[in-house]
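In: Please work out how this folds:
(one chain, ligands or ions: 2)
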Amino acid sequence: MTKTILITGGAGFIGSHLVRLFVNKYPDYKIVNLDKLTYAGNLENLKDIENASNYEFVKADIVDADEIFKVFDKYQPDGIIHLAAESHVDRSIANPNEFIFTNIVGTANLLNAARNIWGDDAKGKRFYHVSTDEVYGSLGDTGFFLEDTSYDPRSPYSASKASSDHLVRAYAHTFKLPIVVSNCSNNYGSYQFPEKLIPLFINNIRNNKALPVYGKGENIRDWLWVEDHARAIDVIFHEGKNLETYNIGGHNEWTNIDLIKLMCKVMDAKLGRKEGESEKLITYVKDRAGHDMRYAIDSTKLQKELKWVPSLQFEEGIEKTIDWYLKNEEWMNNITSGDYEKYYEKQYKER
Ligand code: NAD
Ligand code: DAU
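Out: Ligands and ions are numbered 1, 2, ... in the order given. Next comes the predicted model:
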């Protein structure tokens, strides 16, 4: 093996796509997937590569510094790609502390562990921090998030991610840790936990359950296919410059209500329902507290400097995604039982 790459959060939505890409594309790398397996982590997501000879899974909690130091000592990674996080905004409103521990303390523990094994001479090593566009705050009707847009996080989730971004950059300036950061827009695709808008609504449409639209449904998100995000991380990890930030996004803005209506239409056709049938499930509910109005990423830097471009048009991507969830009913049913039902009850009962 030429390199050992440690990916945190590899059992989650984006992490599992990244682990699969790296395991298949780089047979000479050893890929270590470090994940605590919280409610959002699921090894079912990686069934197809779990026996690959260049893959290893380690169950560990990034908040536990001793445990993390031991893992780093054992594997001596040359590169770290850090995705492990609490990632759902609504949960951060219900329970901010979990986000502060995992996203801030957890990131600090990884930075300290990297320094510990690399010492002062980290030449050829790389600490890649995967972040979000939400750190930039909320846009009005016009404009885009650029790499030098000021930070203005407005939820406990985005504040915890912003804090971790600052720590990563501070370690680069102070301790010369070779870091790179990317900030990406909303991802969609297979294996996403059905608390997030797209898989939740696909599942509810299939089961004829209400579609709880927050506020008036006018908020705008910029959607990117998850496999395009994984490809961008690959390019940035290998070719990005130290200390740089790269914004990742698909120039694909949708109001929530237009997106939901599109999903209803596509699913009416796939489920053999009359056109307009699924739209009747739309229910306007109490808005999310502090709900950011609009996100939109300008990814020109990544496209120009590293020649990355999104591969999939949204209409094709959303259809592929719907097909995947309809075909993988068992994956969905395994998740939406037990604790998930309790979460759903609590989250939506007062709306
Ligand atoms: P996810 O919630 O699906 O997965 C998170 C993973 O991290 C899970 O496997 C979970 O078990 C693991 N994890 C959580 N706490 C941990 C801990 N204490 N120790 C070890 N592992 C732990 O998240 P996702 O949507 O795949 O997001 C991955 C990363 O990408 C996050 O850092 C998120 O902020 C960022 N991001 C997500 C999006 C998006 O649209 N989903 C967009 C931009 C950036
Ligand atoms: O922008 C990147 C971020 O995208 C990531 O950093 C986060 O990890 C990821 O969760 C996502 O955050 P959002 O809050 O934008 O995603 P979510 O799927 O929760 O919501 C998308 C939009 O849909 C948002 O405007 C809120 C709305 N919504 C969401 C849910 C779950 C509803 O109207 N009803 C719902 O039930």
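
In: okay, stretch 301-316 in PDB with CA atoms only?
Out: Output of stretch 301-316 as PDB, limited to C-alpha atoms (Å, rounded to 0.1, in the frame of the first residue of the first chain):
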ATOM      1  CA  LYS A 301     -12.600  28.500  -8.300                       C
ATOM      2  CA  LEU A 302     -12.900  24.700  -8.100                       C
ATOM      3  CA  GLN A 303     -14.100  24.500 -11.700                       C
ATOM      4  CA  LYS A 304     -11.300  26.700 -13.100                       C
ATOM      5  CA  GLU A 305      -8.400  25.700 -11.000                       C
ATOM      6  CA  LEU A 306      -9.000  22.000 -10.500                       C
ATOM      7  CA  LYS A 307     -11.300  21.400 -13.600                       C
ATOM      8  CA  TRP A 308     -14.100  19.800 -11.600                       C
ATOM      9  CA  VAL A 309     -17.600  20.000 -13.100                       C
ATOM     10  CA  PRO A 310     -20.900  18.400 -11.900                       C
ATOM     11  CA  SER A 311     -21.700  15.400 -14.000                       C
ATOM     12  CA  LEU A 312     -25.400  15.100 -13.600                       C
ATOM     13  CA  GLN A 313     -28.300  17.400 -14.400                       C
ATOM     14  CA  PHE A 314     -30.800  17.700 -11.600                       C
ATOM     15  CA  GLU A 315     -33.900  16.300 -13.400                       C
ATOM     16  CA  GLU A 316     -31.900  13.200 -14.200                       C
END
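
In: any weak-confidence spans in the stretch 101-250 of the chain?
Out: Scanning the stretch 101-250 of the chain for pLDDT under 70 picks out nothing.

In: residue contacts, Lys342?
Out: Residues near Lys342 by Cβ atoms under 8 Å, 6 or more residues apart in numbering: none. The way it works is simple: take the backbone N, C-alpha and C, and place the C-beta from them, glycine included.

In: quick one: it and Lys349, what's the gap?
Out: If you measure Lys342 against Lys349 using Cβ to Cβ, to the nearest Å, the figure is 11 Å.

In: ok, now Trp225?
Out: In this view, Trp225 and Lys349 are 33 Å apart by Cβ to Cβ.

In: Next: Trp254.
Out: Taking Cβ to Cβ as the measure, Trp254 falls 28 Å from Lys349.

In: so what's Tyr344 scoring on pLDDT?
Out: Listed pLDDT for Tyr344 reads 88.

In: What is the burial count for it?
Out: Neighbour count for Tyr344, taken as other Cβ atoms under 10 Å: 17.

In: do the same with the one 3 residues further on
Out: By other Cβ under 10 Å, the residues close to Gln347 number 16.

In: Contact partners for the residue in the chain that ligand 1 sits nearest to?
Out: Nearest residue of the chain to ligand 1 (Cβ to the nearest ligand atom) works out as Gly12 at 2.1 Å. When the contact criterion is Cβ under 8 Å, 6+ apart, the partners of Gly12 are Asp35, Ala40, Gly41, Asn42, Asn45, Leu83, Ala84, Ser87, Phe193.

In: hang on, the second one in a strand?
Out: Think Ala40. No - under DSSP: H, G, I helix; E, B strand; the rest coil, Ala40 falls outside any strand and is assigned coil.

In: Where do the helices of this structure begin and end?
Out: Secondary structure of the chain by DSSP state H: the helices cover 13-25, 65-75, 89-94, 96-99, 106-118, 156-175, 197-206, 226-239, 256-270, 300-306, 314-327, 329-335, 339-349.

In: what does the protein put close to ligand 2?
Out: For the chain, the contact set with ligand 2 under Cβ under 6 Å from any ligand atom comprises 87-89, 132-134, 185-186, 196-197, 200, 212-214, 219, 221, 256, 288, 295.

In: Which members of these occur in strands, if any?
Out: Among the residues of the chain next to ligand 2, the residues falling in strands (DSSP state E) are Thr132, Asn186, Pro212, Val213, Tyr214, Arg221.
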